[in-house]
Every structure is written in C-alpha cells, then in structure tokens.
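**Student:** give me a 3D structure for the following:
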Amino acid sequence: MEKLKQSSATTTITSKIQKRLLIIGMLTHNYESKLNQHKNRKKHITRGKSILLLSLIF
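**Tutor:** Just a heads-up that it's a prediction; the model follows:
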C-alpha cells in the first residue's frame, strides 16, 4: 500500500514537471519566434535568456 502511494506521488511530480517543461517549451518557442521576426538580433542572447528562464523556474 505504501509503495502504491509513493509511486503515485512520483507520477504526480513527474507529470507536473512535464507540464511545466511543455509550458516552458511553448513560451520559449513563442519568444524565439517573435525574436526571429527581427532577424538581425543576436541569437545567442535569446539562448541565454531561455537558459536563464529555465534556471529560474527550477
């Protein structure tokens, strides 16, 4: 019984992380596509900001 509770808790945590990653992915994609509209901007700045966002969320 205890093992069942543990695994369901783990599943919940994993699904929450997956949802969060999905949201981050979507946000990052939207952000980068907006910046790609202004193609002359430096791409490494966006990558840096995405990594910064990821590190702030986790």
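**Student:** relative to L54, how far out is the most centrally placed residue in the chain?
**Tutor:** By CA atoms, centre = their mean, the chain has its centre lying nearest to I24, at 2.9 Å. Taking CB to CB, to the nearest Å as the measure, I24 falls 6 Å from L54. Placement of C-beta: from N, CA and C, glycine included.
**Student:** repeat that for L22.
**Tutor:** 13 Å.
**Student:** I24 sits in which helix or strand?
**Tutor:** helix 2-37 (DSSP states H and E).
**Student:** for that helix, which helices and strands make contact with it?
**Tutor:** Secondary-structure packing of helix 2-37 (3 or more CB pairs under 8 Å, 6 or more residues apart in numbering; DSSP states H and E): helix 43-57.
**Student:** mean confidence for the helix it packs on?
**Tutor:** Averaged over helix 43-57, pLDDT sits at 69.
**Student:** ok, stretch 7-14 next?
**Tutor:** On average, stretch 7-14 scores 81.
**Student:** show me the contacts for L22.
**Tutor:** For L22, the contact set (CB atoms under 8 Å, 6 or more residues apart in numbering) is empty.
**Student:** what do you get for S50?
**Tutor:** If you count contacts by CB under 8 Å, 6+ apart, S50 has them with T28, Y31, E32.
**Student:** any chance of a markdown table for the residues you listed, columns distance to S15, neighbour count and pLDDT?
**Tutor:** Formatted as a markdown table, the contacts of S50 follow (distance: CB to CB, whole Å; neighbours: other CB atoms under 10 Å; pLDDT from 0 to 100):
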| residue | distance to S15 | neighbour count | pLDDT |
| --- | --- | --- | --- |
| T28 | 20 | 17 | 82 |
| Y31 | 24 | 14 | 77 |
| E32 | 26 | 14 | 75 |
